[in-house]
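generate a structure from the sequence data that follows.
(2 chains)
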Amino acid sequence: MSFTNHEWWGLIHGMGFGALFLLAFAGGLADLYSLRSKLLTTAGVTERVRRLKIGVVAMAVAAWGTVLTGTWIVYPWYRAKTPDSPRSQLLANPATADWHTFGMEWKEHIAWLAPILATTVAFIVVYSGAQLVRHDRVRRTAMGLYVLAFAFAAVAGAFGAFITKVAPVQ
Amino acid sequence: MTVNDMTEPGTRRNEDAIPAGPDKPEGPISAAILAAGVGALALGLFTTLAEASTSVKNWLQWSDQVGPLSGKTIMAVLVWLISWVGLHLWLRGKTYETRRALTLALVLIALGVLGTFPTFFELFAPE
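Take a look at the predicted model:
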């Protein structure tokens, strides 16, 4: 029971960084949503803002980790010009070719929007800090961008999981 | 922006929970939001241009192993960061509302997503 080097990096990319980003999303969104003066005491605001800052920065780091390991480590193995590479296997069969021509082609690009947006949200939270409590418009803007970052990561993650199921990097 | 402008409608504020101190200008937040839109648009643009032109595709192939995706993503990130710095310097002391920035950024992000959508960029592929 062991993994190859390629499989380890696939796990780090998808189930490490990627899953961390997607799973942490709900907690971050709940914190952003509830960062309202009517729901919190002063001590609550201080604690919540500190936790939120750590959370959004960690999520931005996870998003960058996901796309950097995906693009620069795992993707070259996926697209290797050998008959047994996942890309070659998918394209060799008309029934699976769309997993590459649509799924992978979209995933490899749209995934990069997630870290850009996650970094923007992290900046907003770190810059605004406890002021987010009284700036509903800014808080809602951050929430909107945060949801978008998640949506793009979810599209990329879902296609990644499906493609790995059909033609895994080994 | 004032506190009253941004209090959620229909809610009463717990004054004790609101941190004291002057408001920071909204300009840097708007700059970050707009830059994200510019970065997204750049990614979509490079993706579509690489499909439409073989010379652009070859130029963007900064790594043989990664292919044109290397140049597309590095260029998009560079455009994002440079635009962020420029917009930050321009807006840092200004009261540029985040609502305006978000509206514009969402349009740019939508165009960027369109540019990365295979069904769209394949329309520009050479015959």
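
switch to C-alpha atoms for all contacts and neighbour counts from now on
Will do.

what's the spacing between A:Ser37 and chain B?
5 Å (C-alpha to the nearest C-alpha, to the nearest Å).

isn't that residue up against A:Arg134?
Yes. Applying C-alpha atoms under 8 Å as the test, A:Ser37 and A:Arg134 come out as touching, 6.9 Å apart.

ok, the nearest residue to A:Ala156 once chain neighbours are set aside - contacts?
Residue nearest to A:Ala156 in three dimensions, not counting chain neighbours: A:Lys107, with 4.5 Å by C-alpha to C-alpha, 6 or more residues apart in numbering or on different chains. Going by C-alpha atoms under 8 Å, 6 or more residues apart in numbering or on different chains, A:Lys107 touches A:155-157, A:159-160.

near chain B, which residues of chain A are found?
Applying C-alpha under 8 Å from any C-alpha of the partner chain, we find that chain A lies next to chain B at A:37-45, A:71-72, A:75-76, A:79-80, A:101-102, A:105-106, A:108-110, A:112-113, A:116-117, A:120, A:123-124, A:127-128, A:130-131, A:133-138, A:141.

ok so, going back, what is the nearest of the contacts of A:Lys107 to B:Ala110?
The nearest member of these to B:Ala110, counting by C-alpha to C-alpha, is A:Val155 at 14.9 Å.

most neighbours among the contacts of A:Lys107, which one is it?
Using other C-alpha atoms under 10 Å in any protein chain shown as the neighbour criterion, A:Ala156 leads the contacts of A:Lys107 with 24 neighbours.

quick one, helices of chain B?
With DSSP state H as the criterion, chain B has helices at B:3-6, B:27-52, B:54-60, B:68-91, B:98-116, B:118-121.

and those helices, which is most packed in?
Of all these, helix B:27-52 has the most neighbours on average by mean count of other C-alpha atoms under 10 Å in any protein chain shown, namely a mean of 27.

elements contacting it?
With contacts defined as 3 or more C-alpha pairs under 8 Å, 6 or more residues apart in numbering or on different chains; DSSP states H and E, helix B:27-52 has these neighbours: helix A:113-128, helix B:54-60, helix B:68-91, helix B:98-116, helix B:118-121.

what are the ranges of the helices in chain A?
Counting by DSSP H, the helices of chain A are A:5-11, A:19-33, A:42-69, A:75-78, A:86-92, A:97-98, A:105-110, A:113-128, A:136-166.

can you list the buried residues in the last one?
I take that to be helix A:136-166. A:136-154, A:156-157, A:159-160, A:163-164 (16 or more other C-alpha atoms under 10 Å in any protein chain shown).

quick one: average pLDDT of that helix?
Average pLDDT, helix A:136-166: 95.

run a quick neighbour tally on A:Glu7.
The burial count for A:Glu7: 15, using other C-alpha under 10 Å.

so it sits against A:Gln170, correct?
Yes. Taking C-alpha under 8 Å as the definition, A:Glu7 is a contact partner of A:Gln170 at 5.7 Å.
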